[in-house]
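Q: one predicted model, sequence on top.
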Amino acid sequence: MSLSHALMTSLIEKSSSGYDLARRFDKSIGFFWHATHQQIYRELARMEKAGWIASEAAPDGGKTRKRIYRVLSDGQQELQRWAREPAPPMDMRDELMVRLRADAVVGPLGLDTELERRLALHQAKLQAYRAIEQRDFGADKQPLSREAQIQHMILKTGIMYEESWISWSREAIAVLRQSGPAGDRATRHAQADQAG
């Protein structure tokens, strides 16, 4: 996915200034596609040059350079073209997994502390997702429109992701804190080095 497609999706939902778009992006699409505010502004300029979006001075901009961006028909066509393409599955690339492999072969490295830190981050994110779910999709919001149901499904993906990491992290911490049997790999390596 490119940042331009994420930004066009957000702009179709609501035309915005670059600043407001960046703030909204942080609170929605930013949960699963991160971009800095500088990247967003650079991409808006590129998209405008490509003819996908247009901007005009904001009525409340005064002497500032504040502009309101909206998606043009060429941008909508590009977004529709991109959305129909097959999406490659996400490859997992997490340095922590390599560190855990190192722990497995060279002995305890104290990674349970890092896992506790990550566990707390996942718990905080899950709490934030649950609050959004209650606020935007709670019982008082029923029945949901098709658009809201799709947005809820996206949020549910984040909830399941965080719940999975919380469960995995707790299990991994318990495994790392176990004292290994006398014949574990690290002990065998140490014994082989002494004998050798």
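A: Perfect, I can see it now.
Q: so where's this structure shaky on pLDDT?
A: Within the chain, the segments meeting pLDDT under 70 span 1, 61-63, 180-196.
Q: those helices in it, which residues are they?
A: 3-13, 18-27, 37-50, 73-84, 95-106, 111-137, 146-176, 185-195 (DSSP state H).
Q: now, of these, which is deepest in the fold?
A: Counting by mean count of other CB atoms under 10 Å, helix 3-13 has the highest mean neighbour count of those, with a mean of 20. No exception for glycine: its C-beta is placed from N, CA and C like everyone else's.
Q: what packs against that helix?
A: In terms of contacts (3 or more CB pairs under 8 Å, 6 or more residues apart in numbering; DSSP states H and E), helix 3-13 is packed against helix 18-27, helix 37-50, strand 67-71, helix 73-84.
Q: which neighbouring elements make contact with the shortest one?
A: Strand 67-71 is packed against helix 3-13, strand 16-17, helix 18-27, strand 53-57, with contacts defined by 3+ CB pairs under 8 Å, 6+ apart.
Q: which of those sits closest to residue 101?
A: Taking CB to CB, helix 3-13 is the member of those nearest to residue 101, at 32.6 Å.
Q: off-centre distance for that closest one?
A: Offset of helix 3-13 from its chain centre (CA atoms, centre = their mean, to the nearest Å): 16 Å.
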